[in-house]
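**Student:** 3D model of this:
(one chain, ligands or ions: 2)
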Amino acid sequence: MIGRLNHVAIAVPDLEAAAASYRDTLGAVVSEPLAQPDHGVTVVFVELPNTKIELLHPLGEESPIANFLQKSPSGGIHHICYEVDDIHAAREHLTEQGARVLGDGEPKIGAHGKPVLFLHPKDFFGTLIELERV
Ligand SMILES: CC[C@H](C(=O)O)C(=O)SCCNC(=O)CCNC(=O)[C@H](O)C(C)(C)COP(=O)(O)OP(=O)(O)OC[C@H]1O[C@@H](n2cnc3c(N)ncnc32)[C@H](O)[C@@H]1OP(=O)(O)O
Ligand SMILES: [Co+2]
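**Tutor:** Ligands and ions are numbered 1, 2, ... in the order given. Got it, this is the predicted structure:
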């Protein structure tokens, strides 16, 4: 079911500083900040030859990553995103298997304009998983 690794997300306390570090210190190609109000984050994408790094910062009062940064003020790896061909079939399979799909269970359009779902970190060895339809 899961396919390619689409991105690894890092929550950061200062998005500009993190983007500059990836651009200037690590010499990577970095996007401009993209506000994603539906998801409560602003994101920057770091383009790599074989995948992407998503730098995340809270946006708005209800950001789902606010607690994460409170617990880890210097930031940290927040989630990994795998690609799936059929996100509804994936959701059915995961639910049958007893995995918790977060939110109302309906896919939302993510930063790449594709539907995404999130799976509870406690069901996958302390790792928040995002699924993005290819
Ligand atoms: C623009 C879209 C973009 C894209 O790629 O397209 C994105 O990726 S948007 C990314 C931001 N959105 C989300 O993360 C949505 C899914 N996340 C959530 O619903 C919450 O973050 C949730 C439920 C995973 C955690 O919420 P919160 O931290 O407020 O809850 P708790 O403090 O009660 O945490 C419960 C439990 O889980 C542990 N936890 C929390 N976050 C993570 C994490 N990222 N990785 C691993 N573990 C995590 C937390 O420590 C608690 O554990 P406990 O042992 O009970 O203390
Ligand atoms: Co993501």
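
**Student:** for this structure, which residues are neighbours of ligand 2?
**Tutor:** 9, 54, 81, 130 (C-beta under 5 Å from the ion). Yep, even glycine has a C-beta here, placed from its N, CA and C like the rest.

**Student:** 8 Å instead?
**Tutor:** Within the chain, the positions near ligand 2 by C-beta under 8 Å from the ion are 6-7, 9, 43, 54, 56, 78-79, 81, 110-111, 116, 130, 132.

**Student:** would you turn the residues you listed into CSV with pLDDT?
**Tutor:** Below are those laid out as CSV (pLDDT from 0 to 100):
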residue, pLDDT
Asn6, 98
His7, 98
Ala9, 98
Val43, 98
Glu54, 98
Leu56, 98
His78, 98
His79, 98
Cys81, 98
Gly110, 95
Ala111, 93
Val116, 98
Glu130, 98
Glu132, 98
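
**Student:** show me which of the residues you listed is closest to ligand 1.
**Tutor:** Gly110 (2.6 Å; C-beta to the nearest ligand atom).

**Student:** using ChimeraX, define a selection of the buried residues within the residues of the chain next to ligand 2.
**Tutor:** To isolate the buried ones among the residues of the chain next to ligand 2 in ChimeraX, judged by 16 or more other C-beta atoms under 10 Å, type:
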select :6,7,9,43,54,56,78,79,81,110,111,116,130,132
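
**Student:** in strands only, show me the residues of the chain next to ligand 2.
**Tutor:** Those of the residues of the chain next to ligand 2 mapping onto strands are 6-7, 9, 43, 54, 56, 78-79, 81, 116, 130, 132, per DSSP state E.

**Student:** how about Phe68, secondary structure?
**Tutor:** helix (DSSP: H, G, I helix; E, B strand; the rest coil).

**Student:** just to check, it is in contact with His78?
**Tutor:** Yes: using C-beta atoms under 8 Å, Phe68 is in contact with His78, at 6.1 Å.

**Student:** shared neighbours, the two?
**Tutor:** Ala11 (C-beta atoms under 8 Å, 6 or more residues apart in numbering).

**Student:** before we move on, back to that, need the residues of the chain next to ligand 2 in CSV with distance to Leu26, can you?
**Tutor:** Shown next, in CSV, are the residues of the chain next to ligand 2 (distance: C-beta to C-beta, whole Å):
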residue, distance to Leu26
Asn6, 20
His7, 16
Ala9, 16
Val43, 17
Glu54, 15
Leu56, 17
His78, 18
His79, 20
Cys81, 20
Gly110, 24
Ala111, 21
Val116, 26
Glu130, 23
Glu132, 24
